[in-house]
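Engineer: make a model of this:
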Amino acid sequence: MHVQFRGGSKPRAWQYINEEAEASGRHWRDLALAYYNDTFIRRKQGRDYQRWIEEVERPRSREYCAAEDSGPLISLLLPTFNTDVTLLKACIDSVLAQTYSHWQLCIADDASTDPAVRECLSEYQQRDARIKVVFREENGHIAAASNSALALAEGDFVALLDHDDTLAPHALGRVATVLQSNPEALLVYSDEDKIGEDGKRFDPHFKPGWNPDLLLSQNYIWHLTVLSRELVNRVGGFRLGTEGSQDHDLLLRCMPYLQASNVVHIPEILYHWRAIEGSTAQSSSSKDYAAEAGLRAVGDYLQAAWSGATVEPGTAPNTYRVRWPVPNSEPLVSLLVPTRDGYDILKPCIDAILTRTDYRNFELLILDNQSRCENTLNYLREVADDPRVSVHRWDYPFNYSAINNFGATFARGEILGLINNDIEPINSDWLTEMVAHACRPEIGCVGAKLYYPNDTIQHGGVILGIGGVAGHSHKYFQRDDYGYFSRLHLVQNLSAVTGACLLLRKSVFEEVGGLDEENLAVAFNDVDLCLKVREAGYRNLWTPYAELYHHESVSRGADNTTAKRRRAQREAEYMRRRWGSLLDNDPAYNPNLTLVYEDFSLA
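Structural biologist: Here you go, the predicted model:
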């Protein structure tokens, strides 16, 4: 909440904004947005990772007991080449300092020309029998060196470690504990941060849980990565020719063998990535060959696993865009647009869809909920002359869920689209992009990137738990902002997306019983639908490549009356009862990030 309103009630803040807006001649929305932006800027400037380390991480770390040394043997793979000896020692010392002792460090030196590196490694090998070193006779680059390290490994699991990075003291202990409590685990990964030349930690990356589509868009897993050694050997180890993205390539080749139950994310900073001049940690563009190798890795994975899918560079550095094919016999898409009056917003919406959509095989069902406005009624009669358009009357009180369920009974399409009447497409291939994902058998609901008319983000996906139930990712970020670790530019799996522009197969919609018209007449019905789809075993997805404007809640209005607020409260309480702790532990988010704001700031 803005500092001016802290300690006060929401009605008082609402009253103040209205009074000030009237006195200043400004619209209350503009004034409220100004206060929000002020708070937003304060939050961004006030993020203090060092304080978070002191207040959150260190007390938490003290609670960890040393893991039982009878746990799994973890083999750390460490390829080296002409490493700065000071940094190399810091790396190895961080392994020696582990609270968990059942590990082995498998070092493969890739024919370093600096004799100090060989001397350093030989000393450590003599000091601790758990350290095994092989000195390669020829330089083969990092993939070959990693395979040499893998050949030394005896553990059931291998952990990937770069030669100048460091581990948190309890890193392997936390991994061992997780492996012991998750016997099906084949992949474990943690959060990470960067460490500068001055030793100061910065830029924490708090990651989501298992997210296959995000992994195709970027290697979000990075460090610390721990994999089943048997699985790594099964896929052939590290692949030569993918240098710079060899870890990403390895993960992609493991993907066909991984179900969600085989993957565990530890939402803790267990790995410190060294940021020095010329490193990938310092600048994502410092190793162009890594981006090229990553593009090749994703392309090879798609060629092996998915017919017709292709990859190209993404719109953010070191990211990728996968283009999924639409079936040759383009499926019919039924777009459901509920409306009541609102001619001034309805006409631009419908006209834009009809004229700004490259995908041709769609029908548009306008669901009229007791319109009385003569302009609206005339427009509905006029637009119904278009063979793609039909108008269906819902002559009952407003119930968003019931209206769309009603519309779905008339839909002839294989794919349903829930579309608000205040939506306007920006790019003409918006529907093609969404249909391509909706046709994928493993995908359920597909959401789009929505903007306010002022080109700030209205919807970058839905994050569970924000504000008690759910909020919109990256709300009010600028249109060209990359977002948190480029997520505003990446196709990714999310728990939910907004129903303002949502596609899914009609069969999936019917499988989960459609929208809940009994308990969620107005709010959260889209979130509930997505969670039911997720519960049924499908992955929901958000794409930044379908862009539309959204004049939010113009049609139904804001919840600004006593009756509307009570209804909203009932619906929120139902969501808490129905979905419980999932609303506080969104697997597509991270528990270290805020549930108060929509900006991915620290909790």
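
Engineer: residue contacts, Trp430?
Structural biologist: By CB atoms under 8 Å, 6 or more residues apart in numbering, the contact list for Trp430 reads 357, 448, 546-548. Where C-beta positions appear, they are placed from N, C-alpha and C, glycine not excepted.

Engineer: now Val298
Structural biologist: By CB under 8 Å, 6+ apart, Val298 lies in contact with 216, 248, 252, 311, 320, 322.

Engineer: try 7 Å
Structural biologist: Each residue near Val298 by CB atoms under 7 Å, 6 or more residues apart in numbering is listed here: 216, 252, 311, 320, 322.

Engineer: if I look at the residue nearest to His265 when sequence neighbours are not counted, what pLDDT would I see?
Structural biologist: Leaving aside its sequence neighbours, His265 sits nearest to Gly209 (CB to CB, 6 or more residues apart in numbering; 4.6 Å). With respect to pLDDT, Gly209 scores 98.

Engineer: what secondary structure does Gly209 sit in?
Structural biologist: coil (DSSP: H, G, I helix; E, B strand; the rest coil).

Engineer: mind listing what it touches?
Structural biologist: By CB under 7 Å, 6+ apart, the contact set of Gly209 is 265, 587-588.

Engineer: please narrow the contacts of Trp430 to those residing in strands.
Structural biologist: In strands, judged by DSSP state E, the following of those are found: 448, 546-548.

Engineer: before we move on, the earlier item: pull out the buried members of the contacts of Gly209.
Structural biologist: 265, 587-588 (16 or more other CB atoms under 10 Å).

Engineer: next step: the residues you listed restricted to strands.
Structural biologist: Among these, the members found in strands (DSSP E) are His265.

Engineer: confirm that Thr409 sits in a helix.
Structural biologist: Yes. Assessed with three-state DSSP, Thr409 lies in a helix.

Engineer: how about the contacts made by it?
Structural biologist: By CB under 7 Å, 6+ apart, the contact list for Thr409 is empty.

Engineer: and it, how far from Leu224?
Structural biologist: 51 Å (CB to CB, to the nearest Å).

Engineer: can you list the weak-confidence ranges in the stretch 201-350 of the chain?
Structural biologist: Counting by pLDDT under 70, the stretch 201-350 of the chain shows low-confidence ranges at 278-287.

Engineer: now the helices for it?
Structural biologist: Applying DSSP state H, counting those that start in this stretch to the stretch 201-350 of the chain gives helices spanning 212-217, 229-234, 246-254, 288-305, 343-355.

Engineer: what about those helices, which gets the closest to Ile463?
Structural biologist: Closest of the helices of the stretch 201-350 of the chain to Ile463 is helix 212-217, at 14.2 Å (criterion: CB to CB).

Engineer: so how far is that closest one off the chain centroid?
Structural biologist: Distance of helix 212-217 from the chain centroid (CA atoms, centre = their mean, to the nearest Å) equals 9 Å.

Engineer: got it, and stretch 141-151?
Structural biologist: On CA atoms, centre = their mean, the centre of stretch 141-151 falls 31 Å from that of its chain.

Engineer: show me what counts as buried in that stretch.
Structural biologist: Within stretch 141-151, the residues that qualify as buried are 141-150, counting by 16+ other CB under 10 Å.

Engineer: need these in TSV (columns: secondary structure).
Structural biologist: Conversion of the buried residues of stretch 141-151 to TSV gives the following (three-state DSSP):
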residue	secondary structure
His141	helix
Ile142	helix
Ala143	helix
Ala144	helix
Ala145	helix
Ser146	helix
Asn147	helix
Ser148	helix
Ala149	helix
Leu150	helix
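
Engineer: residue ranges with poor pLDDT in the protein?
Structural biologist: When residues are selected by pLDDT under 70, those of the chain lie in 1-14, 16, 20-47, 65-68, 278-287, 553-560.

Engineer: please parse it into its domains.
Structural biologist: By the assignment in automatic domain parsing, the chain contains the domains 3-46, 72-282, 333-584.

Engineer: now those in TSV, with distance to Tyr289?
Structural biologist: Below are these laid out as TSV (distance: least, CB to CB, whole Å):
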stretch	distance to Tyr289
domain 3-46	33
domain 72-282	5
domain 333-584	20
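
Engineer: ok so, going back, in the ones in strands among the contacts of Trp430, which residue is surrounded by the most others?
Structural biologist: With neighbours taken as other CB atoms under 10 Å, the top of those is Ala448, carrying 29 neighbours.

Engineer: correct me, but that one touches Cys501?
Structural biologist: Yes. Using CB atoms under 7 Å, Ala448 is in contact with Cys501, at 4.4 Å.

Engineer: so what sits against both of the two?
Structural biologist: Contact criterion CB under 7 Å, 6+ apart; residues shared by Ala448 and Cys501: Leu548.

Engineer: Phe238 touches Ser148, doesn't it?
Structural biologist: No. Using CB under 7 Å as the test, Phe238 is too far from Ser148 to be in contact (9.6 Å).

Engineer: which neighbours do those two share?
Structural biologist: Shared contacts of Phe238 and Ser148, defined by CB under 7 Å, 6+ apart, are absent.

Engineer: Ile269 pairs with what?
Structural biologist: Here Ile269 sits in beta bridges with Asp191, going by DSSP bridges.

Engineer: equivalent analysis for the one 4 residues further on, please.
Structural biologist: With beta bridges defined as DSSP bridges, Trp273 has these partners: Lys194.

Engineer: sorry, back to before: just name the most buried of the helices of the stretch 201-350 of the chain.
Structural biologist: A comparison of the helices of the stretch 201-350 of the chain by mean neighbour count, using mean count of other CB atoms under 10 Å, puts helix 246-254 on top with a mean of 24.

Engineer: and that helix with helix 288-305, angle?
Structural biologist: If you take axes from the mean of the first three to the mean of the last three CA atoms, to 10 degrees, helix 246-254 sits at 10 degrees to helix 288-305.

Engineer: which residues does helix 246-254 contact?
Structural biologist: With CB under 7 Å, 6+ apart as the contact definition, helix 246-254 has outside contacts at 142-143, 146, 160, 187, 215, 219, 221, 225, 227, 231-232, 235, 238-239, 242, 294, 297-298, 301.
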